[in-house]
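S.K.: Mind folding the following:
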Amino acid sequence: MARYIGPTTKIARKFGEAIYGPDKYFDKRSFPPGQHGISKKRKQPSEYAIQLAEKQKAKYTYGLLERQFRNLFEKASRRKGVTGENLLKMLEARLDNTLYRLGFAASRRQARQLVGHKHVTVNGSVVNIPSYTLKPGDKVALRERSKSLTVVQSAISHKPKKFGWLAVDERAVEGTFVDFPERDQIPENINEQLIVELYSK
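M.R.: Coordinates of the predicted model:
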């Protein structure tokens, strides 16, 4: 399973926002990484640079590499509706992201690990593919022996935010992917139109 395993705070500083969630190191040093910080950066980035940065931010936020992201974009472009919104909806429907949104993992990285280690079931069957795309009505749960894991209980104890497209039962440690979210329900600060423009070149 290909994934980015490098420093997360450095990436967050690159985009100027804590895309991986709360980060005390980012709070202390929110300026761009590098010896000279922002002083040697171009004052006016090109249109291409802005579009590329937005795509990179989306990739790092959801934990995808380039080929995965490009393939997902192509699938989104073949669906009916607005391509950019379709892309974000499909990213939100990934199993690892949904596990994170349900509050059963503290981060998408942790959710990906739980899925990969066969702790998660979909409709009663074990699924160990983080990129598995959920369909409306799918039930996501942790296996009985996995519900007591320290990382899971710790994540649940932090009272994660609830999302309208998911139904959660914290006591049973399970949830339902009710439907694909609308764009205004997705909290990520991503301008999906810039990504569409980049891939349309």
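S.K.: ok now do the residue nearest the centre of the chain, which residues does it touch?
M.R.: Closest to where the C-alpha atoms of the chain average out (CA atoms, centre = their mean) is residue 62, at 2.9 Å. Residues counted as contacts of residue 62 (CB atoms under 8 Å, 6 or more residues apart in numbering) are 91, 94, 97, 108. For glycine as for every other residue, the C-beta is placed from the backbone atoms N, C-alpha and C.
S.K.: One more: residue 193?
M.R.: residue 84.
S.K.: Mind telling me what element it is part of?
M.R.: Using DSSP states H and E, residue 193 falls within helix 192-199.
S.K.: Pull out the buried residues from the biggest helix by length in the chain.
M.R.: Identified as the longest helix of the chain according to DSSP state H is helix 47-62. For helix 47-62, the buried set under the neighbour-count rule, 16 or more other CB atoms under 10 Å, comprises 51, 53-62.
S.K.: do the same with stretch 133-148
M.R.: 134, 138, 140-142, 146-147.
S.K.: okay, the angle between the longest helix of the chain and helix 192-199?
M.R.: Between helix 47-62 and helix 192-199, the angle comes out at 120 degrees (axes from the mean of the first three to the mean of the last three CA atoms, to 10 degrees).
S.K.: Kindly provide the whole-number mean pLDDT of the helix or strand following helix 47-62.
M.R.: Elements were assigned by DSSP H and E; along the chain past helix 47-62, the next helix or strand is helix 66-78. Helix 66-78 shows a mean pLDDT of 95.
S.K.: do stretch 101-112 as well
M.R.: On average, stretch 101-112 scores 93.
S.K.: Ok, stretch 186-196 next?
M.R.: In the prediction, stretch 186-196 has an average pLDDT of 94.
S.K.: can you give me the end-to-end distance of it?
M.R.: 18 Å (CA to CA, to the nearest Å).
S.K.: Pull out the buried positions in that stretch.
M.R.: 186, 190, 192, 194-196.
S.K.: In TSV, list those residues along with distance to residue 77.
M.R.: What follows is these, written out as TSV (distance: CB to CB, whole Å):
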residue	distance to residue 77
186	18
190	17
192	12
194	15
195	11
196	8
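S.K.: Give me the subset of the buried residues of stretch 133-148 lying in strands.
M.R.: Under the assignment DSSP state E, these contribute 138, 140-142 to strands.
S.K.: if we can go back for a sec, please state the offset of the helix holding residue 193 from the chain centre?
M.R.: Centroid separation for helix 192-199 versus its chain: 18 Å, with CA atoms, centre = their mean, to the nearest Å.
S.K.: Outline the domain layout of this structure.
M.R.: The record's domain split for the chain, according to automatic domain parsing, is 8-90+189-199, 94-179.
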